[in-house]
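Enquirer: just to be clear, the model below is a prediction. Sequence and coordinates:
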Amino acid sequence: MIEGQSVLFEMAAVYERTAAKGSLRKTKNFRRSTAERRHFYDALVLRMKNEFGIAIRKWRRSMNGVAYELHYNNGEVKRMVAAPRPRSPVSACIFLHEVGHHAIGFKKFRPRCLEEYHVWQWAFEQMRKNGVPIDEHVKRHYRRSMRHYVRLAKKRGLKSLPAQLEEFAVAA
Ligand SMILES: [Zn+2]
């Protein structure tokens, strides 16, 4: 029986189809065939599941994800992730970002936008370790995500922004 759950809602999809062309060309040599790519990303998912004890709630069709824990009466905790199935650097970075929330732990950093920042750095570290290119498309997604969380924090009255987040503060 589920006693409670802590849910972390991520931003809405910011994926832009029109912008995909350039980065697709750039990463053409990354994995040559579709089958190779699928195999590569499926292996990545399996490693993440084993290493960080996460379960996939569902694969989403949209380019956004969520990470949450289920707490059971017997003390058991399940670490859940819903994200797009990794099939490209961008879908992989969204998936790894959600795994990162579990790896880092909830509410380890405050404010929330700083937590998001650290989770992104964790995801990039995993991408480098696992040979997933951090291409322009990934960087754009990251910047938009961070701007969103910084904007949200300011709207909620955050007075002093941590120094590493200043670049994401856009004048209104
Ligand atoms: Zn997040």
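Expert: Thanks, I have the structure now. Everything quoted here is computed from the prediction, not taken from an experiment.
Enquirer: low-confidence ranges in this protein?
Expert: Within the chain, the stretches with pLDDT under 70 are 1-29, 171-172.
Enquirer: residue at max distance from the center of it?
Expert: Residue farthest from the centre of the chain, counting by CA atoms, centre = their mean, is Asn74 at 29.5 Å.
Enquirer: quickly note the distance from it to Gly105.
Expert: Computed as CB to CB, to the nearest Å, the Asn74 to Gly105 distance reads 21 Å. All C-beta atoms are positioned from the backbone trio N, CA, C, and that covers glycine.
Enquirer: ok, now which ones touch Trp59?
Expert: Trp59 makes contact with Ala82, Ala83, Pro84, Arg85 under the criterion CB atoms under 8 Å, 6 or more residues apart in numbering.
Enquirer: who does it bridge with?
Expert: According to DSSP bridges, the partner residues bridging Trp59 are Ala83.
Enquirer: hang on, the earlier thing: make TSV from the contacts of Trp59 and add distance to Arg110 and neighbour count to it.
Expert: Formatted as TSV, the contacts of Trp59 follow (distance: CB to CB, whole Å; neighbours: other CB atoms under 10 Å):
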residue	distance to Arg110	neighbour count
Ala82	24	17
Ala83	24	27
Pro84	28	22
Arg85	31	17
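Enquirer: could you single out the nearest of the residues you listed to Arg37?
Expert: Arg85 (11.6 Å; CB to CB).
Enquirer: please enumerate the helices of this structure.
Expert: 20-26, 34-52, 89-104, 112-130, 136-155 (DSSP state H).
Enquirer: give the buried residues for the last one.
Expert: In other words, helix 136-155. In terms of neighbour count (16 or more other CB atoms under 10 Å), helix 136-155 has its buried residues at His137, Val138, Arg140, His141, Tyr142, Ser145, Met146, Arg147, His148, Tyr149, Val150, Ala153.
Enquirer: cool, stretch 114-132 as well?
Expert: Using 16+ other CB under 10 Å as the test for burial, stretch 114-132 gives Leu114, Glu115, Glu116, Tyr117, Val119, Trp120, Trp122, Ala123, Phe124, Gln126, Met127, Val132.
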